[in-house]
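# Attaching a predicted model along with its sequence, questions to come.
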Amino acid sequence: MRGEERLIDWIARELDGAAGTTLASGYQATVTLHDSPWGKLAVKRARHRGLFGAASLSREHEIYQRLSGISGIPKTYGKLGNAALVLEYVAGSSLRAARRSLHDQDEFFDRMLQTIDAMHAAGVAHCDLKRKDNTIVGPHETPYLVDFGVACILREGDGWAKRKWFALMRQMDYNAWVKLRFGRDPAQLPPEVAARYSPLWLERVARWIRIPWQKLTLRRLRKKWSKRR
């Protein structure tokens with residue numbers, strides 16, 4: 001039995017139902033860390049049981065398979081039935097936590113952009129890169145993109161409407177990258193960067209909704225309280 005087959009066999013026997021150490025927990029899923037004879041693994045479990053959760057994990061598994069081999073995308077080792085997705089664990093911190101300690105920000109964001117370009121060429125738009133927690137600063141300051149729960153997939157045979165929507169989501173990824181690199185109000189951009197940046201009406205509408213919703217639900221206060229604990 002080859003190494004990867006042994007790993008998959010071990011995952012099926014040992015990880016189903018194992019608790020692990022919590023890495024992240026959100027309204028859609030929880031991610032836990034597990035040790036294996038082949039190194040550390042991350043297991044993502046959907047919050048919602050039943051068909052919705054299973055469909056969400058299957059879709060995300062398809063995305064990771066589609067992006068296999070792209071630098072800056074964790075590997076997928078398959079699913080545990082319909083309940084969990086097993087991924088390569090990337091040691092590091094989120095961009096939110098590690099941004100100020102980057103030794104070479106230009107190099108980091110150039111590599112991140114290369115990953116985004118390759119991802120788009122494979123027919124996937126992330127759609128949530130504005131969240132700094134969805135970019136991991138891995139070993140040697142390698143950027144890794146994670147959490148494809150709301151990503152958009154462009155499949156062969158998709159019609160005009162889906163292609164138009166994918167183009168919008170792809171532009172949203174580029175806009176998010178520009179804002180992460182140059183700030184929320186990128187007034188003066190290098191020409192090669194300005195060519196990629198195009199604010200969308202969709203982003204303005206989302207911001208109008210998001211800010212009042214965060215205030216109404218006390219999201220920022222809850223985050224601060226969670227960090228203090």
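Now that the structure is in, tell me what you want to look at.

# what's Asp173 in contact with, if anything?
With contacts defined as Cβ atoms under 8 Å, 6 or more residues apart in numbering, Asp173 is in contact with Ile116, Met119, His120, Ala125, His126, Cys127, Leu129. No exception for glycine: its C-beta is placed from N, CA and C like everyone else's.

# give me phi/psi at it?
Dihedral pair for Asp173: phi -60, psi -50, per degrees, to the nearest 10.

# Doesn't Val178 lie inside a helix?
Yes: remark: Val178 belongs to a helix, assigned using DSSP: H, G, I helix; E, B strand; the rest coil.

# Distance of it relative to Arg131?
Look at Val178 and Arg131: by Cβ to Cβ, to the nearest Å, they are 15 Å apart.

# of these two, who's got more company?
More neighbours surround Val178 than the other of Val178 and Arg131, with 21 against 14 (other Cβ atoms under 10 Å).

# Can you classify the residue lying closest to that one once chain neighbours are set aside by secondary structure?
Nearest residue to Val178, sequence neighbours excluded (Cβ to Cβ, 6 or more residues apart in numbering): Tyr197, at 4.6 Å. Secondary structure, three-state DSSP: Tyr197 is coil.

# Check the gap between Tyr197 and Asp173 for me.
Plainly put, Tyr197 is 11 Å away from Asp173 if you go by Cβ to Cβ.

# Quick check: Val159 vs Arg59, distance?
Not quite, residue 159 is Gly, not Val. Look at Gly159 and Arg59: by Cβ to Cβ, they are 19 Å apart.

# Now Trp38: phi and psi?
phi -110, psi 10.

# my guess is it meets Ile8, correct?
No: taking contacts as Cβ atoms under 8 Å, Trp38 lies outside contact range of Ile8: 10.3 Å.

# In the protein, what residue spans correspond to strands?
21-25, 29-36, 39-46, 76-80, 84-88, 93-94, 124-125, 135-137, 143-145, 152-153 (DSSP state E).

# Quick one: closest of the ones you listed to Leu102.
Evaluated over the strands of the chain, closeness to Leu102 peaks at strand 135-137, with 7.0 Å, by Cβ to Cβ.

# From the rest of the structure, what touches that closest one?
Strand 135-137 has contacts (Cβ under 8 Å, 6+ apart) with 90, 92-95, 98, 102, 108, 112, 129, 143-146, 180.

# Repeat that for stretch 177-192.
So stretch 177-192 is in contact with 95, 105, 109, 112-113, 116, 129-130, 132, 135, 193, 196-197, going by Cβ under 8 Å, 6+ apart.

# what do you get for stretch 105-121?
Residues from elsewhere that reach stretch 105-121, judged by Cβ under 8 Å, 6+ apart: 67, 70-73, 99, 102, 125-126, 129, 135, 137, 141-143, 145, 170, 173-174, 177, 180-181.

# Buried ones only from those residues, please, as a PyMOL command.
Here is the PyMOL command that selects the buried residues among the contacts of stretch 105-121 (16 or more other Cβ atoms under 10 Å):
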select buried, resi 67+70+72+73+125+126+129+135+137+141+142+143+145+170+173+174+177+180+181
